[in-house]
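1. Following is a predicted model, sequence given first.
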There are 2 protein chains.
Amino acid sequence: MISFAMDNFADRLVAAIGRKNSRVVVGLDPRLESLPAEFRRGAENDIEAAGRALLDFNAKLIEIVAPHAVAVKPQVAFYEKLGPLGLVIYFATLKHARDHGLLVIGDVKRGDVPETAKAYAEAHAVAFPSDALTVNPFFGSDGIDPFVQVAAKMGTGIFVLVKTSNPKSGEIQDLPVEGRPLYLHLAERVAAWGAPLMGACGYSSMGAVVGATHPAQAAEIRKALPQAFFLVPGYGAQGGSSADLKPCFNADGLGAVVNSSRGIIFAWEKGPCKGMPWEKAVEKAVVDMKADINQALGI
Amino acid sequence: MISFAMDNFADRLVAAIGRKNSRVVVGLDPRLESLPAEFRRGAENDIEAAGRALLDFNAKLIEIVAPHAVAVKPQVAFYEKLGPLGLVIYFATLKHARDHGLLVIGDVKRGDVPETAKAYAEAHAVAFPSDALTVNPFFGSDGIDPFVQVAAKMGTGIFVLVKTSNPKSGEIQDLPVEGRPLYLHLAERVAAWGAPLMGACGYSSMGAVVGATHPAQAAEIRKALPQAFFLVPGYGAQGGSSADLKPCFNADGLGAVVNSSRGIIFAWEKGPCKGMPWEKAVEKAVVDMKADINQALGI
């Protein structure tokens, strides 16, 4: 029997980080037009073959990155774009990743009124089983509570959007509220909302999404949220460097996991691994990213 | 050939309101446990039968409400909750509604960084074809732009969350920013973001979600956003009355459409139509809601 403490998402995440000495999350955002030629063959004008190709590619990616990454983060938008079949691929991808010992973060950014939030929370814990999911805080406490209830019951995690990686995130998220930017108010909310989900490791299963592209803001949020894990997008393709990541971590080398999508899954197309056989490029990209982050942290 | 002006969502919405003399939107949020007995029979332990039952129920609802409502608004969370099969039902429901002359508002509340927002915008215009969809503004302009671009190209609409119907929406949405609540800042943004989507009718295809449960705030937002349609949830089951709706409309009797979900689709369970045969209850509920709103507006 699995002990209760290990059921807590933060505890499971900390265990995975220790086991793999890795803080890497791989974003699984496949695009048919970017797949290696061997997968694209015959898939251009055949929707079923296209679905099969995407799933096969995801499966290979998962097998390559599983020893080096703590989690994968499929972005559900790229699956929704393919219609109902895309959601079948999404479901199968989640399962394949879990079967290979990876944690799965469903990047769904859902958020809604209480009854609907409950449906979303159940959807992405049960129907599309994820270890954690990303959630939008725009609705306030009663939109967050249903996610917390499901997380407490199922041992899953939540990453609440606090400061996103896009260039214009400041238009809303930096607005001054009583002399401080909105993202700091949100960080305080996350500290309170996440208190019931505290793990034995000293971190809560409610974390925060904080973009690597905003290191100064990340440092402020780190201070306001010492016991939350950051899910950090924006490394690599979006412009964040490993030096930018440092403020996202605590002194214990924990407190953050870093996502890269295109920089890893399409590593043979662009960047330092360009031109290598695709599997080698993906493997080198994930291994290098893991080392790059650990080095920046002095680990 | 359809003229360009009629392709604009706001123009299509105004035409439907005029044709049906109705400002009613019916929320299609089915729950297996609430279906009439004739649909539930055999569906309890058989996932395919359950899917069939939900789709059959939605199809009948659509046929009953089509003459009296301008649009249906399926809440995608209740379909996601059923896994990949749920998205097949969602897709088929959209199609059935459009085939019956109803506009379809996909209540998806998506929002993300630019590349991902583009994938969502395409997903809910093409793969899951909707006439309009609800969008979360938390990411700022670069998260909204991709939705505007798809809307301009496809003649679809967008309803941006401004002030949601849940009791605690004020925790975030009412935060004071430079002396005014956040929702008024968002309303100003919506006015600017929606300018390129202006229809011949004088309304933009970018509207705002404004809860009927907050009539005082609705009046302020109405003033800030004279050329936007409000999508108003919260009528009926959530507590808003037709008097609460008045501030959502302009003097021309336009500028808002009002959603009811449970109050119509489960009308035989609760409220004034309780105990009637289910089809009769649904029909009476939608006809009464249409009249109730028109009467409040003096139409």
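-> Received, thanks.
2. which non-adjacent residue is nearest the residue nearest to the spatial centre of chain A?
-> Centroid check for chain A by C-alpha atoms, centre = their mean gives A:Lys73 as the closest residue, at 4.4 Å. Spatially, and ignoring its direct neighbours in sequence, A:Lys73 is nearest to A:Ile105 (4.3 Å; C-beta to C-beta, 6 or more residues apart in numbering or on different chains). Just so you know, the C-beta spots here come from the backbone N, C-alpha and C atoms, and that holds for glycine as well.
3. low-scoring stretches of the stretch 1-150 of chain A, by residue?
-> A:1-6 (pLDDT under 70).
4. need the residues of it near chain B, please.
-> Contact residues, the stretch 1-150 of chain A versus chain B (C-beta under 8 Å from any C-beta of the partner chain): A:29, A:75, A:77-78, A:80-84, A:86-88, A:90-91, A:109-114, A:116-117, A:119-120, A:122-124, A:126-128, A:136-143.
5. gap between A:Val282 and chain B?
-> Using C-beta to the nearest C-beta, to the nearest Å, A:Val282 is found at 20 Å from chain B.
6. so that residue sits right up against A:Ala66, yeah?
-> No - checked against C-beta atoms under 8 Å, the pair A:Val282 and A:Ala66 is beyond contact range at 11.6 Å.
7. need the contact list for A:Ala127.
-> A:Phe91, B:Glu80, B:Lys81, B:Leu82, B:Gly83, B:Gly86 (C-beta atoms under 8 Å, 6 or more residues apart in numbering or on different chains).
8. Any idea how far apart the tips of stretch A:94-112 sit?
-> 23 Å (C-alpha to C-alpha, to the nearest Å).
9. buried set for it?
-> A:94, A:96-98, A:102-112 (16 or more other C-beta atoms under 10 Å in any protein chain shown).
10. now stretch A:31-51
-> Those would be A:Leu32, A:Leu35, A:Pro36, A:Phe39, A:Arg40, A:Ala43, A:Ala50, A:Gly51, for stretch A:31-51 by 16+ other C-beta under 10 Å.
11. show me the contacts for the last one.
-> The contact partners of A:Gly51, taken as C-beta under 8 Å, 6+ apart, are A:Leu82, A:Leu85, A:Gly86, A:Val88, A:Ile89.
12. Next: the second one.
-> With contact taken as C-beta under 8 Å, 6+ apart, A:Leu35 is in contact with A:Ala43, A:Ala53, A:Leu54, A:Phe57.
13. Closest one to chain B out of the residues you listed, please.
-> Within those, the smallest distance to chain B is 13.5 Å, found for A:Leu54 (C-beta to the nearest C-beta).
14. Could I get the full set of strands for chain A?
-> Along chain A, the segments classed as strands by DSSP state E run A:24-28, A:71-74, A:103-110, A:132-135, A:157-163, A:176-177, A:180-181, A:204-210, A:228-232, A:256-260.
15. The fifth one and chain B, are they touching?
-> Think strand A:157-163. Yes - Strand A:157-163 lies within reach of chain B by C-beta under 8 Å from any C-beta, at A:Leu161.
16. Direction included, what does that strand pair against?
-> strand A:132-135 (parallel), strand A:204-210 (parallel) (DSSP bridges).
17. Name the residues that touch the shortest one?
-> This points to strand A:132-135. Under C-beta under 8 Å, 6+ apart, the answer for strand A:132-135 is A:9, A:71, A:103-111, A:124-125, A:144, A:147, A:156-161, A:205, A:207, A:209, A:231.
18. Out of the strands paired with strand A:157-163, the one nearest A:Lys168 is which?
-> strand A:204-210 (15.8 Å; C-beta to C-beta).
19. quick revisit: if we only consider the contacts of A:Gly51, which is nearest to chain B?
-> Distances from chain B to the contacts of A:Gly51, taken by C-beta to the nearest C-beta, are shortest for A:Val88, at 4.5 Å.
20. tell me the contacts of the closest one?
-> Going by C-beta under 8 Å, 6+ apart, A:Val88 touches A:Gly51, B:Pro84.
21. which residues touch A:Ser241?
-> A:Ala212, A:Tyr235.
22. For stretch A:257-266, C-alpha coordinates in CSV please.
-> Only the C-alpha atoms of stretch A:257-266 are listed here, as CSV (Å, rounded to 0.1, in the frame of the first residue of the first chain):
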residue,chain,number,x,y,z
VAL,A,257,10.6,22.7,-12.1
VAL,A,258,11.4,24.1,-15.5
ASN,A,259,9.6,23.4,-18.8
SER,A,260,10.9,23.3,-22.3
SER,A,261,8.7,22.2,-25.2
ARG,A,262,10.1,23.1,-28.7
GLY,A,263,13.7,23.3,-27.4
ILE,A,264,13.5,19.5,-26.7
ILE,A,265,10.9,17.9,-28.8
PHE,A,266,12.0,19.6,-32.0
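23. Is that stretch in proximity to chain B?
-> No - Stretch A:257-266 stays clear of chain B (C-beta under 8 Å from any C-beta), getting no nearer than 9.0 Å.
24. related to what we said a few turns ago, any idea which of the contacts of A:Leu35 has the most stuff around it?
-> Tallying neighbours with other C-beta atoms under 10 Å in any protein chain shown puts A:Leu54 at the head of these, with 26 neighbours.
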